[in-house]
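Novice: Following is a predicted model, sequence given first.
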Amino acid sequence: MPSIDETLGQYSELFILLAAMAFTVAFIAFCWDLATSSKTIRAVEARLAEQRAEQKVPATVGGGAGPAAGAPADVAVADESMDYAGERRNAARIGVAVSVLGAVILAAGVISRGIAAHRVPWGNMYEFCTTGALVVAVVYLLTLVKKDLRFLGSFVIGLVVIMLCAAAIGFPTPVAHLVPALQSYWLVIHVSVAVIASSLFTLTFAMSVLQLLQANREARARAGQPDRLAFMRLAPSALTLENVAYRINAVAFVLWTFTLMAGAIWAEKAWGRYWGWDTKEVWTFVIWVVYAGYLHARATRGWTGTRAAWLSIVGYLCVIFNFSIVNVFFSGLHSYSGLQ
Amino acid sequence: MSKTTDKKYDVELPKLGFLGTVRFIWSQLTSMRTALFLLLLLAVAAVPGSLFPQRPANPAVVTQYIADHPQTGPWLDRFQLFDVYSSVWFSAIYLLLFVSLIGCVIPRAIKHWQAMRAQPPRTPRRLSRLPEYAAMALPAGSSVTRQSAIEDAARMLKRRGYRVHVRDTGTERPSVGAERGLFKEVGNLVFHVSLIGVLVSVAVGGLFGYRGQKIIVEGESFVNTLVSYDNFTPGSNFHEDRLAPYSLQLDKFEVEFDRESKTHYGQPLDFTATMTTRDAPGAEAKKQVLKVNEPLAIGGTNVYLVGNGYAPVVTVRDGDGNVAYQGPVVAVPNDGAYTSTMAIKVPDAKPEQLGFVGFFLPTAVEGEDGVAVGSDPDPFNPRLYLNSYKGDLGLDNGDPKNVYVLDTSGLTVLNDRKQEAGGIELAAYETAKLPEGLGSITFDGLRRYVALDIDHDPGQGGALVFSTLALLGLGASLFIGRRRVWVRTGTHEDGRTMVEWGLLARGEDPRLAAESAALRKLFEKEWLAAENRPADNDRDAVGVNES
Ligand code: HEM
């Protein structure tokens, strides 16, 4: 077995710390963007009003009548299709730029760790967290190319920061070889797909939380109550959030189904049975069933909207539970946390 | 296809009669809402199995748990919380779910079969009410008539993968109905049916399969017969003659530990077992290699390397000076340094039966308090630390006993730290005499052993096939867009040919608008490119008055 390159491993850890700092800056910028949302919103409204004036369409916005005047249709100024509009959002731009920088540094950290260990860098909790954070950040930044999801920035980049801190503080593990149980190409397949699926679930979790907030605002607006979360006007309507989350969840569910199957095949190779209700297997199954329930809910009368969003959130909490509590505290065959 | 079969039942139920009641219960059971409820219930019901030790995986831990919790333990046991996945309540939930599934899938399959054979649905009267609607007017003087335009449209839609049906030809308003994505529903049905297939495969494995454990010390061999197993779990329909009479011999077991890393020094890197196998007695011997992620397939079973450890070789002489036991003793490792516990039972010793309990350390170093601790998994300084006992070992009354544990409660201590004679400490090739002239024990050598799982699961192939089908069906179901397109043409008062089209998706479909735009592009290319004149695409100009 080739030797571990420990110097490179230390550089990798340094990169990951630097990336965590960069993402922290990006997180602050995204929060700043939300905090100054009223300015953006005024700019959007001005533009919309102008457009209406040009088209001689009667305006429906109660101009100057205060936030309470917003009819449900005006609860969100964001575009239904989430395309980019013309308004300059400097703080958000900084957030995106610094996130890109963070992602590049993080990629350097993750890749150099893989090179240092001569294997894929997802063999213990530290590596799941750092690789997972990289995938979340990259998936998010890639969607930003097409769609204006910058309103999600503080949530998604916030989660990235949490994952990196968890890695650096909670699960620090120096580079090492894998124990024999993990030396299998199924590790590459099973875990990489699991990490991608979890990253997508992370995005939909953020969207479902926003959807609940937005639905609440829409209901308050319908009841004529004042708006308490003005920054949420940057996010699209609850229905749009729900539909986008559904599409991403559908992809993630297929990937999770594959994770489950690949895990079963690997378990068959390593332990002689493809399913044994090991703690990790139980929770992977629970997550699968909860998201199957979510997909059903979307097709069941009375269960779309808020209830489906709750199922999506519960599913994600199970993902977190499976990853953290189960890996660290439950004994089972999947004892690979790398913690002593 | 209606997605929800549930209806709102009013408060006053009409008298249903027996058949009516059955039908009512059936329609409730197969409703989407019940399916959702059962799915969520299944998720919740699976959780306790991760919170409490489970018998099939760990019977000893369950026994210990119940002993440790005399109040709650028996109650948990009564509710089958140590056998969650075979419990009555868990089984009830998933069986109900699958009954509901069958009741749901059959009518949907019939309905879809009919839909696939039927023509695309009739053209709605007002296309402009559809979620996507567009229209265009062909320039005056175009050679395209309302009739030829409909035929063109049908052809183009067909090329895009739609099933098409041209209707109302020869009338003022001919139209074409088109539909695509019928495979979406097929995928959905395949997915659900495959879940049943997976369940059945698992059941087949449980009925006809078997699973056993065997420990083999280097140099020893195993023959696949019932008596040779240390542990054997047959499926409920198992017959002994299903065991293929193969044999395995462990020639060599090699381990490699990390000797470079400062942080993970001594972590295992590789385990390799070299085996000689024979498919049947007298058959040709083959050399095969067994590794952790690389099971060995033989005689319809898979053999897995699931554990390993040391088996110190000892010789015990009794008080009469005869050899009462000689051979390797399997020591069970407890940590990464292979600090192992072991028990030696010598029922043949005379005049008194002898027993030993203690530790084996591959590399013993003296700790601060004078107690030896293991510091490395390789045998650099192997030592045995034993207490010895005399008395009736209780092996003769036929009760099953754990071979790795010696119950010392009824025995008399000969050696331990509190006795005058002290505990026994043996380095390689050393001998210790027991007090009272009861004999001696010698540490003769060291071998390694492997723990094997031997598994025969005839349902495995089916489970793989059905779960793969489920995955494919799921992909088709989620990612194929099922949509309908209707195109209708007409002639404006001023003689221009008018085309309008509307699209409808089943469920939420983000690509519907894009599809409408793609159709416009196609139409323009077909009908306008030749004329080379800007099209008048304003919807108001179409003039086909609809309201
Ligand atoms: C073993 C339990 C079940 C599981 C794991 C399961 C899982 C799923 C999943 C993941 C989907 C979404 C993907 C797709 O559209 O194909 C789905 C859709 C669907 N399921 Fe199930 N299902 C189960 C039982 C049932 C039952 C009992 C029914 C009937 C009451 C049912 C009816 C449906 C229907 C109608 C859809 C399509 C929903 C839509 O149009 O989006 N399923 N199921």
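Specialist: All right, it came through fine.
Novice: Now the helix or strand where A:V98 lies: buried residues?
Specialist: Taking DSSP states H and E as the criterion, A:V98 maps to helix A:90-117. Buried residues in helix A:90-117, counting neighbours by 16 or more other CB atoms under 10 Å in any protein chain shown, are found at A:91-92, A:94-96, A:98-103, A:105-110, A:112-114, A:116-117. For glycine as for every other residue, the C-beta is placed from the backbone atoms N, C-alpha and C.
Novice: what mean pLDDT does that helix have?
Specialist: In this model, helix A:90-117 has an average pLDDT of 93.
Novice: now for that helix, which elements pack on it?
Specialist: Counting contacts by 3 or more CB pairs under 8 Å, 6 or more residues apart in numbering or on different chains; DSSP states H and E, helix A:90-117 packs against helix A:6-35, helix A:125-146, helix A:153-165.
Novice: Tell me which of those helices lies nearest to the ligand.
Specialist: With CB to the nearest ligand atom as the criterion, the ligand lies closest to helix A:125-146 of the helices and strands packed on helix A:90-117, at 21.8 Å.
Novice: Just want the angle from that closest one to helix A:6-35.
Specialist: With axes from the mean of the first three to the mean of the last three CA atoms, to 10 degrees applied, the angle from helix A:125-146 to helix A:6-35 works out at 50 degrees.
Novice: Centre of the chain to helix A:125-146, how far?
Specialist: Relative to its chain's centre, helix A:125-146 lies at 8 Å (CA atoms, centre = their mean, to the nearest Å).
Novice: what's the angle between that helix and helix A:90-117?
Specialist: Using the same axes, to 10 degrees, helix A:125-146 lies at 140 degrees relative to helix A:90-117.
Novice: List the buried residues for helix A:125-146?
Specialist: Residues of helix A:125-146 classed as buried: A:125-141, A:143-144 (neighbour count, 16+ other CB under 10 Å).
Novice: angle of it against helix A:153-165?
Specialist: Using the same axes, to 10 degrees: helix A:125-146 against helix A:153-165 is 160 degrees.
Novice: May I have the residues that are in contact with the nearest residue to B:K291 once chain neighbours are set aside?
Specialist: Distance criterion CB to CB, 6 or more residues apart in numbering or on different chains; nearest residue to B:K291, sequence neighbours excluded, is B:T272 at 5.8 Å. By CB atoms under 8 Å, 6 or more residues apart in numbering or on different chains, the residues touching B:T272 are B:253-255, B:289-291.
Novice: Show me which pair in those residues is furthest apart.
Specialist: B:V255 and B:V289 (13.9 Å; CB to CB).
Novice: Those two: which is more packed in?
Specialist: B:V255 (16 against 11; other CB atoms under 10 Å in any protein chain shown).
Novice: rewinding a little: just the buried residues of the helix or strand hosting the residue nearest to B:K291, please?
Specialist: Per DSSP H and E: B:T272 is located in strand B:268-278. By 16+ other CB under 10 Å, the buried positions in strand B:268-278 come out as B:268-273, B:275, B:277-278.
Novice: how far out from the middle of the chain is it?
Specialist: 26 Å.
Novice: Where is the longest helix in the chain?
Specialist: Let's take chain A. helix A:238-271 (DSSP state H).
Novice: look at chain B instead
Specialist: helix B:88-117.
Novice: going on from that helix, what's the next piece of helix or strand?
Specialist: Sequence order places strand B:132-137 as the next helix or strand after helix B:88-117, per DSSP H and E.
Novice: So is that next one next to chain A?
Specialist: No. Using CB under 8 Å from any CB of the partner chain, strand B:132-137 stays clear of chain A, with a minimum separation of 13.8 Å.
Novice: Residues contacting whichever helix or strand comes after that strand, please?
Specialist: Next helix or strand after strand B:132-137 toward the C-terminus (DSSP H and E): helix B:146-159. Around helix B:146-159, the neighbours that count as contacts under CB under 8 Å, 6+ apart are B:138, B:144, B:164, B:166, B:169-170, B:173-176, B:178, B:485, B:487-491, B:497-499, B:501, B:519, B:522-523, B:526-527.
Novice: I'd like the average pLDDT over helix B:146-159.
Specialist: Helix B:146-159 comes out at a mean pLDDT of 93.
Novice: could you dump it to CSV, C-alpha only?
Specialist: Extracted in CSV, the C-alpha atoms of helix B:146-159 (Å, rounded to 0.1, in the frame of the first residue of the first chain):
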residue,chain,number,x,y,z
ARG,B,146,-56.3,24.5,-42.7
GLN,B,147,-56.5,20.8,-43.8
SER,B,148,-52.9,20.5,-44.9
ALA,B,149,-51.7,22.4,-41.8
ILE,B,150,-53.4,19.8,-39.6
GLU,B,151,-51.7,17.0,-41.4
ASP,B,152,-48.4,18.8,-41.1
ALA,B,153,-48.9,19.3,-37.4
ALA,B,154,-49.8,15.7,-36.9
ARG,B,155,-46.6,14.6,-38.7
MET,B,156,-44.4,16.9,-36.7
LEU,B,157,-45.9,15.9,-33.4
LYS,B,158,-45.5,12.2,-34.3
ARG,B,159,-41.8,12.9,-35.0
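Novice: centre of the chain versus it, how much separation?
Specialist: Helix B:146-159 sits 50 Å away from the centroid of its parent chain (CA atoms, centre = their mean).
Novice: What are the buried residues along that helix?
Specialist: The neighbour-count check on helix B:146-159 (16+ other CB under 10 Å) flags B:146-147, B:149-150, B:152-154, B:156-157 as buried.
Novice: Could you export the helices and strands packed on helix A:90-117 as TSV, including mean pLDDT?
Specialist: Listed next are those as TSV, based on pLDDT from 0 to 100:
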stretch	mean pLDDT
helix A:6-35	91
helix A:125-146	90
helix A:153-165	92
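Novice: How about stretch B:445-459 and chain A, any contact?
Specialist: Yes. Against chain A, stretch B:445-459 shows contacts by CB under 8 Å from any CB at B:453-455, B:457.
Novice: Who are the contact partners of the residue of the stretch 301-450 of chain B found nearest chain A?
Specialist: Nearest to chain A, among the residues of the stretch 301-450 of chain B, is B:Y304, at 3.9 Å (CB to the nearest CB). Neighbour list for B:Y304: A:270-272, B:295, B:452-455 [criterion: CB under 8 Å, 6+ apart].
Novice: And these, which of them are buried?
Specialist: A:270-272, B:295, B:452-455.
Novice: can I get those in a markdown table with pLDDT?
Specialist: Listed next are the buried ones among the contacts of B:Y304 as a markdown table, based on pLDDT from 0 to 100:
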| residue | pLDDT |
| --- | --- |
| A:A270 | 78 |
| A:W271 | 77 |
| A:G272 | 76 |
| B:P295 | 88 |
| B:L452 | 90 |
| B:D453 | 88 |
| B:I454 | 90 |
| B:D455 | 88 |
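Novice: before we move on, the earlier item: can you give me how far the helix holding A:V98 is from the chain middle?
Specialist: Distance, centroid of helix A:90-117 to centroid of chain: 16 Å (CA atoms, centre = their mean).
Novice: got it, and stretch B:459-477?
Specialist: On CA atoms, centre = their mean, the centre of stretch B:459-477 falls 12 Å from the chain's centre.
Novice: what's near enough to touch B:R317?
Specialist: So B:R317 contacts B:323-324, B:439-442 (CB under 8 Å, 6+ apart).
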